[in-house]
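# Got a predicted model here, sequence first, then my questions.
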Amino acid sequence: MTEKTTDPMVIVGSGHAGVAVAAGLRAGGWDGRIVLIDAQHGMPYERPPLSKELLTPGAGYKTPLLRKEDYYQARGIERITGQAVESIDPDAGSVVLADGSRLPFHRLVLATGSRARELPVPGAQLDGVLALRTYQDGLAIQRALVPGAKVVIIGAGFIGMEAAAAAVKNGCSVTVLEFQDRVMKRVTSAPVSAFFEGLHRDRGVNLEFGAAVTELQGEGRVERVVTSDGRHFEADVVVAGIGVLPNQELAEAAGVACRDGVLVDEHCRTNIPGIYAAGDVTRFTSPFSGASQRLESIQNANAQAEALVSDILGSQPRTAEVPWFWTVQHGVRLQTAGVMHPDDEVIVRGDPATGKFSVVYLREGRLAAVDTVGGLADFRPAKKLIPAGRLLDPALVADPAVKLEDTATGEHSCSDARQTAAALA
């Protein structure tokens, strides 16, 4: 399926979203040119292994590729690597590359992703202060995690806690400094946090909460971390995991609407016709909660790529998928469906002491999200119940002997019962 144009589909960024768009366009019948631009050299690679497999002892120096090189060649997907896009000219329908050359586009897809947030304190530029976002970042941290090293991790989100698990497994002395009062507070509830805190402490990780970092000290290389209450933590290595920022500057300079992310609709269209965006860089309205959000996940990148491709090709888009995420720490998997809010009703299913339980989040009596720890029994039914919008009986939800799908009361929030039935099918 090709409109009459000689200009290519241009995709800026070769992460999960960018590659998925290129692959989807070709698989969907687009037989015109597709150009994938990557500021980095090398082949596009998977991101999750950077904080998981790559940091474990004996991991080697490779991370899986998103696609092998011959995949792009066989499908005529052109790749420009090691060169950034400097600017976008929406009126002319072209992008300007770092070497000054101009490339016209039929449609432009911004899949520029996000970058690690830098520590805003003195000493953040000292040697030994690392962050994890790219393959090179992962290799630098891997080399630093030597037995006996004193590792201080700033931030107790997914990346920080995965790095802590890997560091202690490598024989390092590990301290995690977190400004909040528990781990992973932004993404989960107190029962899940408490379980993983116990897991980390059992493995020898020192967790310090309410710890606001004010300075990193050292002579050329980091030697200690100072917190606002005057405490000092000796460090050979510091890993900062304090979140990410969307790479929206290119879009913003071209007049694309941004607000802590490139603003897109359900089809990943921006405010400028012919320009789309997908992946970590985007901000959009959740079809499930109506909330404005950015989601940094492979699932979201792939889902947005599908929606974008469907819009360009004029095909029928798939029903929006409930967002889901996962982390693995000390061999225990936490998998989440949906997005919890701090004021949701929290119901624990099962006994955390067994290492296998779920936490259900109800919002106005309806399932908003679920965390599954050490098992996935509640994960698949949750992905169906969340869009169905059915009221759940809290007493039944709290009984792990009752299947999650059997806890619905029968009342619906949707006016169209057929839509609900289809969601549960």
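Received it, and whenever you're ready, just let me know what you need. Bear in mind that the values here come from a model prediction, so they are computed numbers and not experimental data. Residues are numbered from 1 along each chain as shown.
# what sits against Gly15?
For Gly15, the contact set (C-beta atoms under 8 Å, 6 or more residues apart in numbering) comprises 44, 47, 111, 113, 279-280, 301. The way it works is simple: take the backbone N, C-alpha and C, and place the C-beta from them, glycine included.
# Show me where the stretch 201-350 of the chain dips below the pLDDT cut-off.
Counting by pLDDT under 70, the stretch 201-350 of the chain contains no low-confidence range.
# Please enumerate the helices of it.
Secondary structure of the stretch 201-350 of the chain (DSSP state H, counting those that start in this stretch): helices at 249-253, 298-313.
# which one of those helices lies closest to Gly160?
Closest to Gly160 of those is helix 298-313 (C-beta to C-beta; 19.1 Å).
# Send me the closest one as PDB with only the CA atoms.
Output in PDB follows, covering the C-alpha atoms of helix 298-313 (Å, rounded to 0.1, in the frame of the first residue of the first chain):
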ATOM      1  CA  ILE A 298       8.300  -1.800  25.800                       C
ATOM      2  CA  GLN A 299       4.600  -2.700  25.800                       C
ATOM      3  CA  ASN A 300       3.700   1.000  25.400                       C
ATOM      4  CA  ALA A 301       6.300   1.500  22.600                       C
ATOM      5  CA  ASN A 302       5.000  -1.500  20.700                       C
ATOM      6  CA  ALA A 303       1.300  -0.600  21.200                       C
ATOM      7  CA  GLN A 304       1.900   3.000  20.100                       C
ATOM      8  CA  ALA A 305       3.800   1.800  17.100                       C
ATOM      9  CA  GLU A 306       0.900  -0.400  16.000                       C
ATOM     10  CA  ALA A 307      -1.600   2.500  16.500                       C
ATOM     11  CA  LEU A 308       0.600   4.800  14.500                       C
ATOM     12  CA  VAL A 309       1.100   2.300  11.600                       C
ATOM     13  CA  SER A 310      -2.600   1.700  11.500                       C
ATOM     14  CA  ASP A 311      -3.300   5.400  11.100                       C
ATOM     15  CA  ILE A 312      -0.800   5.900   8.300                       C
ATOM     16  CA  LEU A 313      -1.900   2.800   6.400                       C
END
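# Now do the buried residues in that helix.
By neighbour count on 16 or more other C-beta atoms under 10 Å, the buried set for helix 298-313 is 298-313.
# That one - contacts with which helices or strands?
The contact analysis (3 or more C-beta pairs under 8 Å, 6 or more residues apart in numbering; DSSP states H and E) places helix 298-313 against helix 16-27, strand 275-277.
# before we move on, back to that, identify the farthest-apart pair in the contacts of Gly15.
Of all pairs in those, the most separated under C-beta to C-beta is Pro44 and Asp280 at 14.3 Å.
# more neighbours, those two?
Taking other C-beta atoms under 10 Å, Pro44 and Asp280 do not tie; Asp280 has more neighbours (27 against 21).
# from memory the more buried one sits against Ser114, does it?
Yes. Using C-beta atoms under 8 Å, Asp280 is in contact with Ser114, at 4.2 Å.
# Now do the shared contacts for the two.
Common neighbours of Asp280 and Ser114 (C-beta under 8 Å, 6+ apart) are 244, 246, 296.
# Tell me how many other residues crowd Gly204.
For Gly204, the neighbour count with other C-beta under 10 Å is 13.
# Now for the closest residue to it other than its chain neighbours, how many residues are close by?
Closest residue to Gly204 apart from its sequence neighbours, by C-beta to C-beta, 6 or more residues apart in numbering: Val168 at 5.4 Å. Look at Val168: counted by other C-beta under 10 Å, it has 19 neighbours.
# Which strands or helices does the helix or strand harbouring Val168 pack on?
Using DSSP states H and E, Val168 sits in helix 158-169. Packed against helix 158-169 by the contact rule (3+ C-beta pairs under 8 Å, 6+ apart) you find strand 150-154, strand 173-178, helix 190-202, strand 237-240, strand 324-329.
# Quick one: closest of these to Thr407.
Counting by C-beta to C-beta, Thr407 lies closest to helix 190-202 out of those; the figure is 18.3 Å.
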